[in-house]
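Participant: Any chance you can model this:
(one chain, ligands or ions: 2)
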Amino acid sequence: MQLAELDLATNMTPPVPKQDYRDAMARLAAAVNVITTDGPCGRAGFTATAVCSVTDDPPTLLVCLNRSASAHPAVIGNGNLCINTLASDQQVLSNLFGGKTPMVERFGAASWSTWVTGAPVLDDAVASFDCRISQISSVGTHDILYCEVLALRHSASVDGLVYFDRHYHGVSAVL
Ligand SMILES: NC(=O)C1=CN([C@@H]2O[C@H](COP(=O)(O)OP(=O)(O)OC[C@H]3O[C@@H](n4cnc5c(N)ncnc54)[C@H](O)[C@@H]3O)[C@@H](O)[C@H]2O)C=CC1
Ligand SMILES: Cc1cc2nc3c(=O)[nH]c(=O)nc-3n(C[C@H](O)[C@H](O)[C@H](O)COP(=O)(O)O)c2cc1C
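Facilitator: Ligands and ions are numbered 1, 2, ... in the order given. All right, here's what the predicted structure looks like:
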């Protein structure tokens, strides 16, 4: 490729418009999580579907966090977080932690405990992963947080919650 063509290519608008990308992503069903943190930089939390297992050795998940989210400074400053995967009856928490509500109101709507890192662990979640942030990388608007799991709890009998087609759906636990 000639330099002039390269210039042209880099100045082009992206081949996929943002809205098309979001519309396609809305067709991917995902578990709904409330991510929490606490420590010297304060208590904070946000809702996230961009959560994924990376490796089981060492046990590590990743969480994608928008750098403009109000929880961002606390999460990065504390260096810890708990991934709380919501149960079907915890949809109200997804809406509260999904933005704009004061932190005190978000945390006031549920019961919490702490384990190893001090990040709030949600009572009655499908699963909770208490983590220290081991690595961070940035892509576009988001930071990708690699989270080493130091403690966890999961329940086999609690129904799950997924976000699909911009709506919540309950998923039954098979017993
Ligand atoms: N809105 C965003 O910043 C991003 C959205 N996506 C994906 O696109 C799908 C459709 O998204 P929307 O049309 O925005 O509405 P939506 O109705 O699916 O999402 C509800 C709310 O959550 C926010 N949200 C969802 N996923 C997010 C993420 N990964 N990072 C930051 N905020 C996020 C949305 O902006 C919106 O305010 C989402 O379900 C998600 O999979 C992916 C990356 C960024
Ligand atoms: C269903 C759902 C999924 C979301 N997933 C993510 C996500 O994976 N990453 C992210 O940074 N924000 C995500 N958000 C948005 C954050 O929860 C929200 O921006 C955050 O609470 C910041 O709002 P605030 O700045 O008012 O606190 C999601 C919101 C909803 C409702």
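
Participant: Quickly check: stretch 100-115 near ligand 1 or not.
Facilitator: No - figure legend: stretch 100-115 not in contact with ligand 1 (Cβ under 6 Å from any ligand atom); closest approach 9.6 Å. C-beta: built from backbone N, CA, C; applies to glycine.

Participant: Return the mean pLDDT over that stretch, rounded to an integer.
Facilitator: For stretch 100-115, mean pLDDT is 97.

Participant: interface residues of the protein facing ligand 1?
Facilitator: Counting by Cβ under 6 Å from any ligand atom, the chain sits next to ligand 1 at 22, 25, 26, 49, 50, 64, 66, 98, 166.

Participant: Out of those residues, which sit inside strands?
Facilitator: Members of these lying in strands (criterion: DSSP state E): 64, 66.

Participant: and the residues of the chain next to ligand 1 near ligand 2, which?
Facilitator: Within the residues of the chain next to ligand 1, those near ligand 2 by Cβ under 6 Å from any ligand atom are 49, 50, 64, 66, 98.

Participant: Only C-alpha atoms, please: export stretch 35-49 in PDB.
Facilitator: Presented in PDB, the C-alpha positions along stretch 35-49 are these (Å, rounded to 0.1, in the frame of the first residue of the first chain):
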ATOM      1  CA  ILE A  35     -19.100  -5.100  40.100                       C
ATOM      2  CA  THR A  36     -18.100  -3.600  43.500                       C
ATOM      3  CA  THR A  37     -15.000  -2.100  45.100                       C
ATOM      4  CA  ASP A  38     -14.000  -0.600  48.400                       C
ATOM      5  CA  GLY A  39     -10.800   0.700  50.000                       C
ATOM      6  CA  PRO A  40      -8.900   3.900  50.400                       C
ATOM      7  CA  CYS A  41     -10.500   5.300  47.200                       C
ATOM      8  CA  GLY A  42     -14.000   4.700  48.400                       C
ATOM      9  CA  ARG A  43     -16.900   2.300  47.800                       C
ATOM     10  CA  ALA A  44     -18.400   2.100  44.300                       C
ATOM     11  CA  GLY A  45     -20.100  -0.200  41.900                       C
ATOM     12  CA  PHE A  46     -21.500  -0.500  38.400                       C
ATOM     13  CA  THR A  47     -23.400  -3.000  36.300                       C
ATOM     14  CA  ALA A  48     -21.500  -4.900  33.700                       C
ATOM     15  CA  THR A  49     -22.200  -7.500  31.000                       C
END
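
Participant: Mind putting the ones next to ligand 2 among the residues of the chain next to ligand 1 into JSON lines with neighbour count?
Facilitator: Below are those laid out as JSON lines (neighbours: other Cβ atoms under 10 Å):
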{"residue": "49", "neighbour count": "17"}
{"residue": "50", "neighbour count": "15"}
{"residue": "64", "neighbour count": "16"}
{"residue": "66", "neighbour count": "15"}
{"residue": "98", "neighbour count": "14"}
